[in-house]
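Colleague: What follows is a predicted structure for the sequence shown.
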Amino acid sequence: MGKKKPSRDDYLLKERVKVESEVFDRPTLLVISKLLKKKIIETLDYPVSTGKEAIVFRGTTQDGKHVAVKIYKIETTHFFRKSEYLEGDPRFKKIKHTEKEIVSAFVRKEFKNLEICEKAKVHAPKPLFTDKNIIVMGFIGEKGLPYPTMDMVPPRSGKDFESVLGDMKKMYKAGLVHTDLSEFNLMLGKVPYLIDFGQGVVTRHPNAEKFLERDVRNILNYFKKFGYERDFQETLEWIKS
């Protein structure tokens with residue numbers, strides 16, 4: 001007899017076990033318990049985004065509203081390859097280069113970056129709470145479902161293009177560069193929303209200008225595919241003006 005083909009339920013069970021083993025270690029469970037006790041969330045529902053370094057869950061509050069709960073994986077080596085985003089950031093001097101310390105630094109970094117965005121009125125998740133390897137933030141979506149990222153859906157008009165560039169300008173004026181901006185880190189709702197700010201650096205970072213140029217090229221190249229074009233140098237100067 002041939003080998004039995006795994007069913008959909010088998011696949012889902014395997015994925016659930018994988019998520020639980022990668023994410024729900026004892027320290028993380030203690031933080032989740034704190035979120036429940038502090039009534040920051042009523043329930044932790046299900047994953048809405050899975051990455052190499054973190055998993056984002058939908059959470060529900062006591063009043064029925066949804067939030068995003070981003071849980072960074074402690075046991076990951078990917079953060080060591082991103083030390084350049086920490087070493088030059090004056091906000092994170094003298095951190096120990098252990099997995100736990102680096103993950104903790106990236107969590108604090110993302111939360112601080114989201115606070116900068118909120119103050120600058122950038123379209124990005126609202127920072128709500130952070131502890132250890134978890135960030136709770138505003139849910140970018142509607143009817144309990146997250147908006148799609150722009151690698152899955154095309155821009156609707158030049159207004160989406162202008163909105164992204166406008167947010168990049170606001171960020172730069174507030175002293176922040178995303179560093180990893182592309183269609184994969186844009187969610188398309190009523191307007192495009194910028195997400196995943198863990199790598200973001202302040203403009204005092206020695207590589208901030210290089211990162212900004214890369215972000216600008218990525219965005220211009222993406223929108224060019226749909227007929228929306230701008231000159232690179234002019235756009236860069238406009239963002240920095």
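Modeller: Received it, and whenever you're ready, just let me know what you need.

Colleague: What sits closest to the most centrally placed residue in the chain if chain neighbours are left out?
Modeller: For the chain, the residue lying nearest the average C-alpha position, counting by C-alpha atoms, centre = their mean, turns out to be Asp196 (1.7 Å). Excluding its sequence neighbours, the residue lying closest to Asp196 (C-beta to C-beta, 6 or more residues apart in numbering) is Asn185, at 4.6 Å. Every C-beta, even on glycine, is put in place using the N, C-alpha and C of the backbone.

Colleague: List the residues that contact that neighbour.
Modeller: When contacts are counted by C-beta atoms under 8 Å, 6 or more residues apart in numbering, Asn185 is found next to Thr149, His178, Leu194, Ile195, Asp196.

Colleague: from memory the fourth one sits against Glu183, does it?
Modeller: I take that to be Ile195. No: the pair Ile195 / Glu183 is not scored as a contact, 11.4 Å apart, by C-beta atoms under 8 Å.

Colleague: So between the two, which is more surrounded?
Modeller: Looking at Ile195 and Glu183 with other C-beta atoms under 10 Å, you find the greater number of neighbours at Ile195, namely 25 against 21.

Colleague: excluding its backbone neighbours, what's nearest the more buried one?
Modeller: Nearest-residue entry for Ile195: Asn185, 5.3 Å, with adjacent residues in sequence omitted and distances by C-beta to C-beta, 6+ apart.

Colleague: Walk me through the domains of this structure.
Modeller: Listed domain ranges for the chain are 16-145, 146-240 (source: automatic domain parsing).

Colleague: Which neighbouring elements make contact with the helix of greatest length in the chain?
Modeller: Within the chain, and with DSSP state H defining each element, the longest helix by residue count is helix 99-120. Under the contact definition 3 or more C-beta pairs under 8 Å, 6 or more residues apart in numbering; DSSP states H and E, helix 99-120 sits against strand 66-72, helix 84-87, strand 127-131, strand 134-138, helix 158-173, strand 176-177.

Colleague: what number of residues lie near the closest residue to Val67 other than its chain neighbours?
Modeller: Residue nearest to Val67 in three dimensions, not counting chain neighbours: Gly59, with 4.7 Å by C-beta to C-beta, 6+ apart. Applying the criterion other C-beta under 10 Å, we find 24 residues in the vicinity of Gly59.

Colleague: who's in contact with Gly59?
Modeller: Contacts of Gly59 were listed using C-beta under 8 Å, 6+ apart, and they are Leu35, Ile41, Glu42, Thr43, Leu44, Asp45, His66, Val67, Ala68, Val69, Val136.

Colleague: which SS class is it?
Modeller: For Gly59, the reduced secondary structure class is strand; criterion used: DSSP: H, G, I helix; E, B strand; the rest coil.

Colleague: Would you mind measuring from it to Glu42?
Modeller: Taking C-beta to C-beta, to the nearest Å as the criterion, Gly59 is separated from Glu42 by 8 Å.

Colleague: Identify all contacting residues around the helix or strand where Leu220 lies.
Modeller: Using DSSP states H and E, the secondary-structure element containing Leu220 is helix 208-224. Where contact means C-beta under 8 Å, 6+ apart, the residues beyond helix 208-224 that reach it are 150, 155, 161, 164-165, 168, 172, 177-183, 201-202, 205, 229-230, 232, 235-236, 239-240.

Colleague: CA atoms only: put it into CSV for me.
Modeller: Below are the C-alpha coordinates for helix 208-224, written out as CSV (Å, rounded to 0.1, in the frame of the first residue of the first chain):
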residue,chain,number,x,y,z
ALA,A,208,20.5,56.2,7.7
GLU,A,209,21.0,57.9,4.4
LYS,A,210,21.9,54.6,2.7
PHE,A,211,18.8,52.9,4.2
LEU,A,212,16.6,55.8,3.1
GLU,A,213,17.9,55.6,-0.5
ARG,A,214,17.2,51.9,-0.6
ASP,A,215,13.6,52.5,0.7
VAL,A,216,13.0,55.2,-1.9
ARG,A,217,14.3,52.9,-4.7
ASN,A,218,12.1,50.0,-3.5
ILE,A,219,9.0,52.1,-3.5
LEU,A,220,9.7,53.8,-6.8
ASN,A,221,10.4,50.5,-8.5
TYR,A,222,7.2,48.9,-7.1
PHE,A,223,4.9,51.7,-8.2
LYS,A,224,6.6,52.0,-11.6
